[in-house]
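Participant: Take this sequence and fold it.
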Amino acid sequence: MAPYTQTNTFSNGTTADGGQVNTEIVNLGTSVNNITNAQIDSAAAISRSKLATITRRLIIPHSGWRESTGTWTVSGQNVLYVMADSVQSYITTAVCMPSDWGGGDITVSFRLSDGTVAGNCFMTLLADVWKTGEASTNIVNATTAVAMLGTNNTQRAGSFTITGSDVEALDIIGLRVGRLGDNASDTCNGTNIYLVSVWLEYTANT
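Facilitator: Modelled structure (predicted):
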C-alpha cells in the first residue's frame, strides 16, 4: 500500500504530527512506579476527548500511474506529467480503500504546475469502485476548472469528491485523472500544464 501521512486536529484548534504524544498521558504528577490503572485510563480519556479528527493522506506515487497519452518529464527534483493543449491527457491507477477509513467523503486532491498562459485548466476525474464479487461501477464523472496564472513553476491546487456512501473499506477504487485540453472550457491555449501530484484525503476511525 502507498504511504500516508497523518495530522491530528485537537479541540483547541491546534494540530500535531501523528508521532506527538499528548502531555496528559505523560504528565500524571506522580512517579512512574506509582502510576495506577485508573490514572492511565483517566489520561487516555482526556487525550481521546481532545482528539477531534484524524485526517490521513494516501499518497499515490508516480510509479503507480499509467499514462494514456502524454509523457513524463523531470524538472529539478520533481517528476511531472505533461498535459498538452488541444488533446485529452490522463493517467490511471487503482487503490485499495484503507481499513481505517471512517466512512465519510473522500477527497481526490491534486497539484498542477503552471505553463506560460493564464486561463482555466479543465480537469476531469473518472472513478470506479470494484467490490468483491461484483463488476466495477462508475461513481464519479466530474470536471473542474483550475485557474492558472501563466507563471512557470507556480503550483495551483484542485480537488474532486468521492461520496463516502458509494464506497466501503477495502474496496478497490479505479481513478482516471487528467486534462481535457480539447474542451472549450480549457482556456490555457497553446501551453502545457504539468500534473505534479495526486493523493486521497480521508477521515480515519479514531
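
Participant: Can you tell me how far Ala94 is from Asp171?
Facilitator: According to Cβ to Cβ, to the nearest Å, Ala94 and Asp171 sit 10 Å apart. C-beta coordinates here come from the backbone N, C-alpha and C atoms, glycine included.

Participant: What segments of this structure are strands?
Facilitator: 4-10, 15-17, 51-59, 66-67, 71-75, 78-83, 88-96, 106-113, 119-130, 137-148, 155-162, 172-180, 193-203 (DSSP state E).

Participant: Which one, of those, ends up nearest to Asp186?
Facilitator: When the strands of the chain are compared by Cβ to Cβ, strand 119-130 sits nearest Asp186, at 3.8 Å.

Participant: just the angle between the closest one and strand 78-83, please?
Facilitator: With axes from the mean of the first three to the mean of the last three Cα atoms, to 10 degrees applied, the angle from strand 119-130 to strand 78-83 works out at 100 degrees.

Participant: Paired strands for strand 119-130, with orientation please.
Facilitator: Here strand 119-130 is paired, per DSSP bridges, with strand 137-148 (antiparallel), strand 172-180 (antiparallel).

Participant: Give me the distance from the shortest one to the chain's centre.
Facilitator: From the chain centre to the centre of strand 172-180 is a distance of 13 Å (Cα atoms, centre = their mean, to the nearest Å).

Participant: cool, and stretch 155-168?
Facilitator: Centroid displacement of stretch 155-168 relative to its chain, using Cα atoms, centre = their mean, is 8 Å.

Participant: and what of stretch 124-142?
Facilitator: Taking Cα atoms, centre = their mean, the mean C-alpha location of stretch 124-142 is offset from the chain mean by 17 Å.

Participant: and if you look at stretch 194-205?
Facilitator: Relative to the chain's own centre, stretch 194-205 is displaced by 1 Å; criterion: Cα atoms, centre = their mean.

Participant: residues making contact with it?
Facilitator: Under the criterion Cβ atoms under 8 Å, 6 or more residues apart in numbering, residues 6, 53-60, 65, 73, 75, 78, 80-83, 91, 95, 98, 100-102, 104, 106-115, 155, 175, 177-179 lie in contact with stretch 194-205.
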